[in-house]
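[1] give me a model of this one.
(chains A and B)
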Protein chains: 2
Amino acid sequence: MSIQKSVIYDKISPYKAGFQPKGGNWIKLNTNENPYPPSEKVKKLLEEYVINNLRLYPDGDSTRLKEIFANKFNLKPGNFFLGNGSDEVLAIIFQGFFAGRKRVLTPDITYSFYSTWATIYDVGLETIPVNEDFGINTADYLNKNPEITEKEEEYPEVLYGYVEPKKEVKLGVDGIILANPNAPTSLFLKPIEIEKLLKEYPDIPVIVDEAYVDFAPSSTIELLNKYSNLIIVRTFSKSYSLAGMRVGYSVGSEEVIEVLDNIKNSFNSYPLDMISQKVAEEAFLDEGYFKDNIEKICKTRDWAKKKIREMGFKVLDSATNFLFVYDVEAEGLFKYLFANNILVRHWNKPKIENWLRVSIGTPDEMIKLLHALARWKEQSIRKMFDN
Amino acid sequence: MSIQKSVIYDKISPYKAGFQPKGGNWIKLNTNENPYPPSEKVKKLLEEYVINNLRLYPDGDSTRLKEIFANKFNLKPGNFFLGNGSDEVLAIIFQGFFAGRKRVLTPDITYSFYSTWATIYDVGLETIPVNEDFGINTADYLNKNPEITEKEEEYPEVLYGYVEPKKEVKLGVDGIILANPNAPTSLFLKPIEIEKLLKEYPDIPVIVDEAYVDFAPSSTIELLNKYSNLIIVRTFSKSYSLAGMRVGYSVGSEEVIEVLDNIKNSFNSYPLDMISQKVAEEAFLDEGYFKDNIEKICKTRDWAKKKIREMGFKVLDSATNFLFVYDVEAEGLFKYLFANNILVRHWNKPKIENWLRVSIGTPDEMIKLLHALARWKEQSIRKMFDN
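    All right, here's what the predicted structure looks like:
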């Protein structure tokens, strides 16, 4: 006998995360993890905590982390919200700002979890096509609040007298969500472009998902004191080498943060465990290690991009810890790399089905990738002559 | 300028967790934490993980934990779902089975987060009063599926002819949720009683929240192979001394677990971080330590209950790691204990406003509590003579 499910259950479309191998000897370049360990300082603090504190509930407000952020970014602790990875933070933002709304703008090529949240939280997403080079044109997001227009009555053949034409109110914009840098394209949009959106829609939430911002030239966080409709989302998973710990955060006005706190407390009071919080504190405070780590990855990225382009592949200019690489037979290349124990990401989706997303690994891992790409290119060229 | 919020935002009523002191020298008996540390084995595994694995995403399926559970409970890995504390597991159950449903039965005195989830996920909760001694009478939950009844047309004075009476279909039961043992009452309901509900509503989800079951005589898990509508929820926060790590789980049929997986993957792919999973594995496998820990707490509980009763307080028979204690001036007693650095829990709510929930601490902590209770009782008696 089948059990009754909820009213929303039939409508959801769960997200599919990248393949996570269990065991095996993989070069894992498919989920944008950091190839280097987190700061040594996270190691030291663990023992003392395990024995003395794990039996107690963690701080549901992540007070210490908020103080550390406030100090670093010259904002107040009340400008920060902590969550179980930036995915949970985004899910909570969708619930607090978008649930039930009809018209939230987002690029057609971006993080695919946005549409999953839109489905479960009943949000109307309006996708705006990226341009031919995969860039986001902010002009496409402006002037989207239509005037009130008049529409004829549906049944004008009435029996008696004059019927006033029905007024139709078209829907205004309910929100915008962008990833910047965008994924999987790796492209960066300058904060001055995002400022145009913040000005155009002053009372409408504009979400900027900055998961990869630490690998990019600058952040929209500088605009936070000027625009109360800006909501920034960040994560410790990439630049702090802590994908395993699930720490994400949002930066916004105190009004915004209050909304997120209330949604969180309607769901789960303690989404961040005690060790995650401590580990994030130590990793964030070790600025020297953080900068070195970022520098190494950006250096490897720019070198790998150059090499891959020299082989004749198209590669977008990356402001992230991954490269977006074109091959006319991308799915074949994906399988070829897989057979060589190299994991990268491929989507069977319009516009990007000929592209692969390749995370930046260590120089050694990237050399193995380059060799595999060279062998693939060689085969392709040989095939050309066979035909 | 205020920012537009979501359509659901106005309707939510966030949960308020127990007071968590930041610093200070408290005897903390207010949130049912375990007074003893977790197994020594959790200590050993941390170092190796930090350096080598934290940079990678955790296993979103918690494969190893499910195998360990399956082995222990003689079920399949597909019978288990892992979440960020039992609160997240319950929130996901509400979304997968109850969202939008009109009639979910629950006792009027129980875990107060149920009504918070009901509000955010649009669930109609029908509260069934507990009996005078705070016990749950399963008979009150039976025969609740009404027959189809007939109702007169709202406007019977029609102009022409006969109008058929409108048929009104009364709502059947959409679900049941019980905590067993119940909180904050500490009372235990025998599985044979819960079996009556499972039989009465074979296609309707019956949730049994077993957060405190390890301190009780038995569990409904034995019924799982017989009833596919049974959904059990458990936590590592109490009996495994791991409130700080946020690990909860659900046990149910494979159909049930699939629903929970799909909701989770519509929200956050990795709610359990890597260390939480490893720590839970070690703690669960160290059965000797677990049994000793439970035994110590049950012994302290039964001794403290006896002593508190001897002072003249009413105390319910507890099958949990806390006591539910009556005092005619419970709020005054709460404040008196607070002034003595002893934290317990009090609710200003009908039926329970004269009761306190007191977690079981170490024998030393309980002796300090007993002394404070004795002083309070002495004062009360003195006041009687003053009047």
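
[2] going by C-alpha atoms from here, please, whenever you check contacts or count neighbours.
    Will do.

[3] stretch A:253-271: end-to-end distance?
    End-to-end span of stretch A:253-271 (C-alpha to C-alpha, to the nearest Å): 21 Å.

[4] what residues does the stretch 51-200 of chain A have near chain B?
    By the rule C-alpha under 8 Å from any C-alpha of the partner chain, the part of the stretch 51-200 of chain A lying against chain B is A:51-59, A:84-85, A:87-88, A:91, A:94-101, A:116-117, A:120, A:174.

[5] mark which of the residues you listed are buried, thanks.
    A:51, A:53-59, A:84-85, A:87-88, A:91, A:94-101, A:116-117, A:120, A:174 (16 or more other C-alpha atoms under 10 Å in any protein chain shown).

[6] filter the residues you listed down to the ones in strands?
    Among those, no member is found in strands (DSSP state E).

[7] so which of those residues are in helices?
    Using DSSP state H, the members of these that fall in helices are A:Ile51, A:Asn53, A:Gly85, A:Asp87, A:Glu88, A:Ala91, A:Thr116, A:Trp117, A:Ile120.

[8] kindly reformat the residues you listed as TSV containing distance to A:Tyr249 and pLDDT.
    Shown next, in TSV, are those (distance: C-alpha to C-alpha, whole Å; pLDDT from 0 to 100):
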residue	distance to A:Tyr249	pLDDT
A:Ile51	28	63
A:Asn53	24	81
A:Gly85	7	96
A:Asp87	10	96
A:Glu88	9	97
A:Ala91	12	97
A:Thr116	20	94
A:Trp117	18	95
A:Ile120	22	93
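
[9] turn those residues into JSON lines, columns for distance to B:Glu210.
    Output for those, formatted as JSON lines (distance: C-alpha to C-alpha, whole Å):
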{"residue": "A:Ile51", "distance to B:Glu210": "25"}
{"residue": "A:Asn53", "distance to B:Glu210": "24"}
{"residue": "A:Gly85", "distance to B:Glu210": "28"}
{"residue": "A:Asp87", "distance to B:Glu210": "29"}
{"residue": "A:Glu88", "distance to B:Glu210": "26"}
{"residue": "A:Ala91", "distance to B:Glu210": "28"}
{"residue": "A:Thr116", "distance to B:Glu210": "31"}
{"residue": "A:Trp117", "distance to B:Glu210": "30"}
{"residue": "A:Ile120", "distance to B:Glu210": "28"}
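
[10] give me the contact list for stretch A:176-187.
    The contact list for stretch A:176-187, computed with C-alpha atoms under 8 Å, 6 or more residues apart in numbering or on different chains, reads A:104-107, A:109-111, A:134-135, A:188-189, A:204-213, A:216, A:316-320, A:322-324, A:357.

[11] so how do I select the buried members of those in ChimeraX?
    With 16+ other C-alpha under 10 Å as the criterion, this ChimeraX line picks the buried residues out of these:
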select /A:104,105,106,107,109,110,111,134,135,188,189,204,205,206,207,208,209,210,211,212,213,216,316,318,319,320,322,323,324,357
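
[12] pLDDT value on A:Tyr162, please?
    pLDDT, A:Tyr162: 57.

[13] ok, the one 10 residues further on next?
    Model confidence at A:Gly172, expressed as pLDDT, equals 91.

[14] then it would be within a strand, right?
    No. Using DSSP: H, G, I helix; E, B strand; the rest coil, the assignment for A:Gly172 is coil, not a strand.

[15] distance of it from chain B?
    A:Gly172 sits 12 Å away from chain B, going by C-alpha to the nearest C-alpha, to the nearest Å.

[16] got a list of what A:Leu369 touches?
    Residues in contact with A:Leu369, defined by C-alpha under 8 Å, 6+ apart, are A:Ile342.

[17] where's it, which helix or strand?
    helix A:363-386 (DSSP states H and E).

[18] buried sites along that helix?
    Buried, per 16+ other C-alpha under 10 Å, within helix A:363-386: A:Pro363, A:Glu365, A:Met366, A:Leu369, A:Leu370, A:Ala372, A:Leu373, A:Trp376, A:Lys377.

[19] now, among these, which is nearest to A:Asn268?
    A:Glu365 (39.5 Å; C-alpha to C-alpha).

[20] okay, that closest one: pLDDT?
    So, for A:Glu365, pLDDT stands at 91.

[21] and for A:Pro165?
    Model confidence at A:Pro165 (pLDDT) stands at 57.

[22] which of the helices and strands in chain A ranks last by mean pLDDT?
    Least confident element among the helices and strands of chain A, by mean pLDDT, DSSP states H and E: strand A:149-151 (a mean of 56).

[23] now the residue lying closest to A:Leu370 once chain neighbours are set aside: phi and psi?
    In space, A:Leu370 comes closest to A:Ile308 once its chain neighbours are excluded; the distance is 7.0 Å by C-alpha to C-alpha, 6 or more residues apart in numbering or on different chains. As for A:Ile308, its main-chain torsions (degrees, to the nearest 10) stand at phi -70, psi -40.

[24] same question for A:Phe322.
    The phi/psi pair for A:Phe322 (degrees, to the nearest 10) is phi -150, psi 170.

[25] quick one: the closest residue to it other than its chain neighbours from B:Trp355, how far?
    Counting by C-alpha to C-alpha, 6+ apart, A:Phe322 lies nearest to A:Ser359, which is 4.0 Å off, once chain neighbours are set aside. Shown here: A:Ser359 relative to B:Trp355, a distance of 57 Å by C-alpha to C-alpha.

[26] which of those two has more neighbours?
    B:Trp355 (27 against 24; other C-alpha atoms under 10 Å in any protein chain shown).

[27] who's in contact with the more buried one?
    If you count contacts by C-alpha under 8 Å, 6+ apart, then B:Trp355 has B:Phe324, B:Val325, B:Tyr326, B:Asp327, B:Ala330, B:His346, B:Trp347 around it.
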